[in-house]
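Colleague: The following block contains a protein sequence and its predicted model.
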Amino acid sequence: MRVFVAGATGAIGRPLMTALLTSGHEPIAMTRSAERADALSARGIEACVCDAYDAPGLTRAIAEARPDQVVHLLTDLPHAFNMRRFEQETASTGRLRRVGTANLIAAATAAGVERIIAESIAFTYAPVGDWVKSEDAPLALEALPSAADPVADLERQVQAVGGIVLRYGWLYGPGTAYTRDGSWAHALHRRQLPIIGQGAGVFSFVHVEDAASATVAALEHRGPAVYNVVDDEPAPLREWVPAFAQAIGAPKPWHAPVWLGRLAAGRLAVEMLGGLRGASNERIKRELGWQPRYASWREGFQTGLG
């Protein structure tokens, strides 16, 4: 199967290239960088240089690639978040989720591509009720509109053309913020990541290689559909942060009262991290037969950080 991947040099895109080749598929990698395109070509991967906002160029690129499917992994996130600037720092990816998605779908449709798979996120569920959510749970459109609104827009667009939405959990492993030299590791080494209040916010992680394998599994199925791509063990911040610190040799995190957290990181950070909901992988395991290599972040932090 010929698979056109937009965002092929991102955190998921890099292991996805390997997974597609290993599975006998033919990836076509789209990147904005000529240098990265040359590096992909040197690996024997067909590559093209294009920008998701260049609608005519994108239409030409997909038509020339003649793919069977399109995988949309486009994001534009900073290497490290400043939670006080959350809205500004997520705005570029929000635009990609709205406009870039529309351009990709239009180009794929014009080329006669029947199916599209798109990256979404599994951590914008509304902070109410159960701490672990299925795909049918509402998104945080009121509590966190700057992040949830573009996600909802992307998902509506993709499902309207019968596509598959993959809500990836918090990515860890090589090329992510959760690695031995990533932004979270630097914050822990500098003792800048305390556990605020009860540390109740629930995270659902997924290793980047598992995210890639789930994407390959989705190629064989028809939509419309939405799947959480997460490991088997959602965990509150108070559990995983000490484990991550231990895995990277950082000092044990300290605890801070809520009022101090608001002063240091801002109200949004405290409310978001304190009310974050995790996600269930029951549906993707049942319907796609997917199993993560790292069933728990506990194992993954020890052996898969890179």
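Modeller: Everything's here; your move. Residues are numbered from 1 along each chain as shown.

Colleague: ranges for the strands of the stretch 101-250 of the chain?
Modeller: Assigned by DSSP state E, counting those that start in this stretch, the strands in the stretch 101-250 of the chain fall at 115-121, 132-133, 164-168, 170-172, 195-196, 202-203, 205-207, 225-229, 235-236.

Colleague: Out of those, which gets nearest to residue 155?
Modeller: Closest to residue 155 of the strands of the stretch 101-250 of the chain, according to Cβ to Cβ: strand 164-168, at 4.9 Å. In short, each C-beta sits where N, CA and C put it, glycine included.

Colleague: Direction included, what does that closest one pair against?
Modeller: Here strand 164-168 is paired, per DSSP bridges, with strand 115-121 (parallel), strand 225-229 (parallel).

Colleague: coming back round to it: distance to residue 252 added to the strands of the stretch 101-250 of the chain, as CSV?
Modeller: Formatted as CSV, the strands of the stretch 101-250 of the chain follow (distance: least, Cβ to Cβ, whole Å):
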stretch, distance to residue 252
strand 115-121, 29
strand 132-133, 27
strand 164-168, 29
strand 170-172, 19
strand 195-196, 10
strand 202-203, 18
strand 205-207, 20
strand 225-229, 31
strand 235-236, 16
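
Colleague: just to confirm, which helix or strand has residue 15 in it?
Modeller: helix 13-22 (DSSP states H and E).

Colleague: by contact count, what packs against that helix?
Modeller: strand 2-6, strand 26-31, helix 208-218 (3 or more Cβ pairs under 8 Å, 6 or more residues apart in numbering; DSSP states H and E).

Colleague: Can you lay out these as a markdown table showing distance to residue 150 and mean neighbour count?
Modeller: Below are these laid out as a markdown table (distance: least, Cβ to Cβ, whole Å; neighbours: other Cβ atoms under 10 Å):
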| stretch | distance to residue 150 | mean neighbour count |
| --- | --- | --- |
| strand 2-6 | 16 | 25 |
| strand 26-31 | 20 | 24 |
| helix 208-218 | 20 | 24 |
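
Colleague: Kindly reformat these as CSV and extend each row with distance to residue 256 and mean pLDDT.
Modeller: Below are the helices and strands packed on helix 13-22 laid out as CSV (distance: least, Cβ to Cβ, whole Å; pLDDT from 0 to 100):
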stretch, distance to residue 256, mean pLDDT
strand 2-6, 40, 98
strand 26-31, 41, 96
helix 208-218, 30, 98
